[in-house]
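>>> Whatever this is, show me its structure:
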Amino acid sequence: MSKANIMTCDFEIKGKIPKEAFEMFAAAQAKVLGLRGYITQVSEDCFKGQLQGEGRVIEAFKQMILSAAEYVAAVKEFVIKNLKAIDDYTYKTFEVKDKGAK
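Sure, this is the predicted structure:
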């Protein structure tokens with residue numbers, strides 16, 4: 001099998017995090033790591049989204065968010081849910097979605 005296993009998961013980040021700066025930071029980190037999916041703010045203190053990529057890269061993204069100096073005090077929790085293998089990507093890139101967007 002030449003292709004690395006592609007994983008998908010939902011994620012949730014809780015904390016008092018500044019919206020625009022954090023979404024841009026998360027999107028930049030995801031793109032650097034080669035992850036696909038999205039992030040959206042669902043409430044004042046909660047972001048949700050989906051990640052697609054290699055399992056170890058998803059874990060690296062989580063660690064990067066948790067250890068980012070400018071957000072380390074603001075992020076209270078980072079939860080990964082529904083982690084499973086998929087055959088192919090359903091997202092072309094990683095994007096920031098507005099709360100109202102589907």
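
>>> Let me see the contact set for the most centrally placed residue in the chain.
Nearest residue to the geometric centre of the chain (Cα atoms, centre = their mean): residue 51, 5.3 Å. The contact partners of residue 51, by Cβ atoms under 8 Å, 6 or more residues apart in numbering, come to 7-9, 11, 30, 35-37, 58, 61, 80. Heads up, the C-betas are built off the backbone N, CA and C, glycines and all.

>>> let's see 6 Å
If you count contacts by Cβ atoms under 6 Å, 6 or more residues apart in numbering, residue 51 has them with 9, 11, 35, 37, 58.

>>> Now, the residues you listed that are in strands?
Among the contacts of residue 51, the members found in strands (DSSP state E) are 9, 11, 37.

>>> Which one (most neighbours) among the residues you listed?
residue 37 (24 neighbours; other Cβ atoms under 10 Å).

>>> how much space between residue 26 and residue 32?
For residue 26, the distance to residue 32 (Cβ to Cβ, to the nearest Å) stands at 11 Å.

>>> same deal with residue 43?
Counting by Cβ to Cβ, the separation of residue 43 from residue 32 is 27 Å.

>>> Now do the helix or strand containing residue 95: everything it contacts.
Using DSSP states H and E, residue 95 sits within strand 94-96. Applying Cβ under 6 Å, 6+ apart, the contact partners of strand 94-96 are 23, 27, 30-31, 35-39.

>>> Would you list the buried entries among the residues you listed?
Among these, those classed as buried by neighbour count (16 or more other Cβ atoms under 10 Å) are 23, 27, 30, 35-39.

>>> who touches the lengthiest helix in the chain?
When the chain is parsed with DSSP state H, its longest helix is helix 19-33. Identification of contacts with helix 19-33 by Cβ under 6 Å, 6+ apart yields 39, 41, 57, 61, 64, 94, 96.

>>> Can you give me the neighbour number for the third one?
Residue crowding around residue 57 was assessed by other Cβ under 10 Å; the count is 17.
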